[in-house]
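Undergrad: Below: sequence and its predicted model.
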Amino acid sequence: MEKYDETKSYALTEAAELVRELTTTKFDASVDIAVRLGVDPRKSNQMVRGIVSLPHGTGKDVRVLVLCTPDKEEEAKAAGADHVGLDEYLTKIKGGWTDIDVIITTPNVMGKVGALGRVLGPRGLMPNPKSGTVTMDVAKAVSDVKAGKIDFKVDKYGIIHASVGKASFDAVKLKENASELISTLMKLKPAAAKGTYIKSISLSTTMGPGVRVEPKSVTA
C-alpha cells in the first residue's frame, strides 16, 4: 500500500484497507463513515433518515433496554435484551442513567416513555416507530439491533455519520458494510434535492485521520 496522501481520494476498498493500517490505538477502534449530502436538512422535504442492516454488523456489543409490560418481558429476555422492565427503569433514567445504546418499547407504553424526551432525545435514545424501536414484536427488534441494524439521520450540516465496523474487520467487510449504507442513502434521495447528491465520503477510526473515498467508486 502506498503512503497515505490526505489530499487524494481512494476507491472504497483501498480506503478501508488504509483506515485499518492507519489505526494506532491499542483497543479495537470503531470505523466511522461520514457522507456529505447535497441536501438542506432545514427543509422537511430534504430530510434524510432511515435504517440499514449492515451485513457484517457493527462489531459493537449493543446494549439494549426493552421498556414493556410484564407480558412481553420473557420474549424480550429470550431475544437477548440486556435490560427489561418498565417503571424501575423509567425512574433510573429520570435520575440520569443512560448506560445503554438502544431503547425498544411497545406502543402501549410510549406515553410513559415520551415523558422522558428531554433526557432521551439529546442522547439519540428516544424510541421511534420509523426506526423499528416502537413495536409489538420486541423479539425481532432486539434481534435486528443486536445483528447490526442501525438508524441514521442527516445532521444540520447535511452529513450522515455512522459506524460501519471495527478496525479488526477485514477491508472487504468494511467495504460491504459501507456500500450497504451508501446504497440505502441513494434510495432515500429526496426528490427536492438538486445537483450532486453524494458530495463527499470519508472513512476514519476513532483516533485516526480521515481517508477520502472517491464517491464514483461507490455509487457507480
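TA: Good, I have the coordinates.
Undergrad: For the rest of this, base every contact and every neighbour count on C-alpha atoms.
TA: Noted.
Undergrad: what residues does the one helix or strand residue 180 maps to touch?
TA: Assigned by DSSP states H and E, residue 180 belongs to helix 171-187. Residues from elsewhere that reach helix 171-187 (C-alpha atoms under 8 Å, 6 or more residues apart in numbering): 12-14, 16-17, 20, 33, 48, 52-57, 164-165, 218-219.
Undergrad: And the buried ones among the residues you listed, selectable in ChimeraX?
TA: Listed next is the ChimeraX selection for buried residues among the contacts of helix 171-187, using 16 or more other C-alpha atoms under 10 Å:
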select :12,13,14,16,17,20,33,48,52,53,54,55,56,57,164,165,218
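Undergrad: Please flag which of the contacts of helix 171-187 sit within helices.
TA: Counting by DSSP state H, the part of the contacts of helix 171-187 found in helices is 12-14, 16-17, 20, 218-219.
Undergrad: Tabulate those residues (a markdown table), appending pLDDT and distance to residue 73.
TA: What follows is those, written out as a markdown table (pLDDT from 0 to 100; distance: C-alpha to C-alpha, whole Å):
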| residue | pLDDT | distance to residue 73 |
| --- | --- | --- |
| 12 | 94 | 42 |
| 13 | 92 | 43 |
| 14 | 94 | 45 |
| 16 | 94 | 40 |
| 17 | 93 | 43 |
| 20 | 92 | 40 |
| 218 | 83 | 42 |
| 219 | 68 | 43 |
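Undergrad: Give the buried residues for stretch 79-99.
TA: Across stretch 79-99, burial judged by 16+ other C-alpha under 10 Å covers 79-81, 83-86, 89-90, 93, 98.
Undergrad: ok, of those residues, which one's closest to residue 208?
TA: For the buried residues of stretch 79-99, the residue nearest residue 208 by C-alpha to C-alpha is residue 98; the value is 27.4 Å.
Undergrad: Just read off the phi/psi values of that closest one.
TA: When read as degrees, to the nearest 10, the backbone of residue 98 gives phi -140, psi 40.
Undergrad: Distance of it relative to residue 32?
TA: 22 Å (C-alpha to C-alpha, to the nearest Å).
Undergrad: Repeat that for residue 180.
TA: As for residue 180, its distance to residue 32 is 14 Å (criterion: C-alpha to C-alpha).
Undergrad: Tell me which of these two has more neighbours.
TA: residue 32 (22 against 18; other C-alpha atoms under 10 Å).
Undergrad: Let me know the pLDDT of that one.
TA: Residue 32 is assigned 95 on the pLDDT scale.
Undergrad: same check, this time on the one 4 residues further on
TA: Taken from the predicted model, the pLDDT recorded for residue 36 is 97.
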